[in-house]
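# I'll drop the sequence and a predicted model, then ask my questions.
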Amino acid sequence: MNNQEAANILSCAELNIRRLKELVKLLAHLKNLRIEPLLIRGAGLIQTVYPHPALRVMGDLDLLLKPDDIPAAKSTLIENGYQPDGASVGHFIKPGAGQTLRCCDTERPVSDVATAESRRPIGRASRHKGEVRLRATPLAGPNRESIGTLLDLHWDIWYLKKDEFYNLWNEAVLFNFPAPEQHRGIGIRAKTLAPEEHFIYIAAHAIFHHGMLDGMRLQDLTNLINPAPPRRGGINYPHGFNWTLLVKKTKQYQLETPLRIVLEQLQETKNVIIPRGVLKQIRPHRLLSQLLLIFTLKPNPLIPQLGYFLKILALRGWWGKARYLLSCLFPSELFMQERYSEERKYSLLRYRYYLIRPVCLTGQGLRLLTHALLKIGLSGIQL
């Protein structure tokens, strides 16, 4: 290990530990309100399947909440120094010293975050149904104290039915967060997704939302299957990884295509041993698989944004597809209130977006499909 690699690991550890300490305080406040979030992605994985917090980049904290808990959680965040974006529910940051708030929709590559945490590119806000985020850009300078805490609230998982979504809490795994040896005994018990649910969620999110399987996500999935030994004071998933359950839930959610792609990638790049028969039971949708591989899952994807539209093919039945489209075109009133700014929250003008939103999204969808068809024609792709 050279000096630069060592510096990157120390930087990552310092940032992660600071954020974990902040998360412990926040979880205590939510617990007092009887709000039970599920820690997902980095916040849930770093204490369960990684041997040390320095080994997993964590740009922000992701919490999954029940929809009814969102208003109280939002109030608690504001009371504890977090600032909402003001344009959509779920965007929160606790600014550091000398920090300015700006929006961005770029996910940091695993190779860049530890060394360039203070240089987040500026773009536009990323706002999806049930998942919204705010990025913050510190003022220039290497001072890590200027890096605030970024937090994303999630209240929906697109491929789950309502009863399946709430069942996540029944199957959730309880663990020590954070581990005592890292934070001098300061900790709290927290919950994260069951390993099979977490695996499916990360795989589907990576493919359909990001159109890519980068090194960080592949390592997350590898560690879910083969977790590192638990640290003193912490635990891994107590019952290990259940392949039979993974296959059952994959079929139940009709996500065979993204899971098959992910499992093949893990075999090829991470030498993960997949039990005999698992791949045979997970049969991908031929057209969806081809479209994903052609347009999104490439080093230089033709249309990376097409993954959002291809989610419709993965949803269960015609009613499932129609329900998803309707929820995108006509989301809940709470979503509309927060999505289209606080200033119009109590204004009748807010309702005009129920007319504008469907027209805009339909136009964007048609442009995307036209672009895809042109790419198919010009490239001579055979489907």
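Done, it's in.

# how about the nearest residue to Pro195, chain neighbours excluded?
Counting by Cβ to Cβ, 6 or more residues apart in numbering, Tyr237 is the residue found nearest to Pro195 once chain neighbours are left out, at 4.7 Å. Placement of C-beta: from N, CA and C, glycine included.

# That neighbour falls within a strand, correct?
No - using DSSP: H, G, I helix; E, B strand; the rest coil, the secondary structure at Tyr237 is coil, not a strand.

# Next up, the contacts around it.
48-49, 173, 194-195, 227 (Cβ atoms under 8 Å, 6 or more residues apart in numbering).

# Selection in ChimeraX covering whichever of those are buried, please.
Applying 16 or more other Cβ atoms under 10 Å to the contacts of Tyr237 leaves a buried subset, and the ChimeraX line that selects it is:
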select :48,49,173,194,195,227
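
# Any chance of TSV for the contacts of Tyr237, columns distance to Pro258 and secondary structure?
Converted to TSV, those look like this (distance: Cβ to Cβ, whole Å; DSSP: H, G, I helix; E, B strand; the rest coil):
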residue	distance to Pro258	secondary structure
Thr48	22	coil
Val49	20	coil
Val173	23	strand
Ala194	18	coil
Pro195	17	helix
Pro227	22	coil
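
# want to try CSV for the contacts of Tyr237, with pLDDT and distance to Asn242 as columns?
Output for these, formatted as CSV (pLDDT from 0 to 100; distance: Cβ to Cβ, whole Å):
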residue, pLDDT, distance to Asn242
Thr48, 87, 15
Val49, 90, 15
Val173, 91, 12
Ala194, 95, 9
Pro195, 95, 8
Pro227, 80, 13
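
# which one among the contacts of Tyr237 gets closest to Asn2?
Val49 (26.6 Å; Cβ to Cβ).

# Look up how far Phe241 lies from the closest one.
Plainly put, Val49 is 10 Å away from Phe241 if you go by Cβ to Cβ, to the nearest Å.

# Which residues are in contact with each of the two?
Common contacts of Val49 and Phe241 (Cβ under 8 Å, 6+ apart): Leu224.

# Let me know the closest of the contacts of Tyr237 to Lys25.
Thr48 (20.1 Å).

# just checking, the closest one touches Val173?
Yes - at 7.5 Å, Thr48 counts as touching Val173 under the criterion of Cβ atoms under 8 Å.

# Next SSE downstream of the helix or strand harbouring Ala203?
Applying DSSP states H and E as the criterion places Ala203 in helix 195-205. Counting by DSSP H and E, the next helix or strand C-terminal to helix 195-205 is helix 215-225.

# and the angle for that next one with helix 195-205?
160 degrees (axes from the mean of the first three to the mean of the last three Cα atoms, to 10 degrees).

# between the helix or strand just after helix 215-225 and helix 215-225, how big is the angle?
Next along the chain after helix 215-225, taking DSSP H and E as the criterion, comes helix 243-252. Interaxial angle, helix 243-252 versus helix 215-225 (the same axes, to 10 degrees): 130 degrees.
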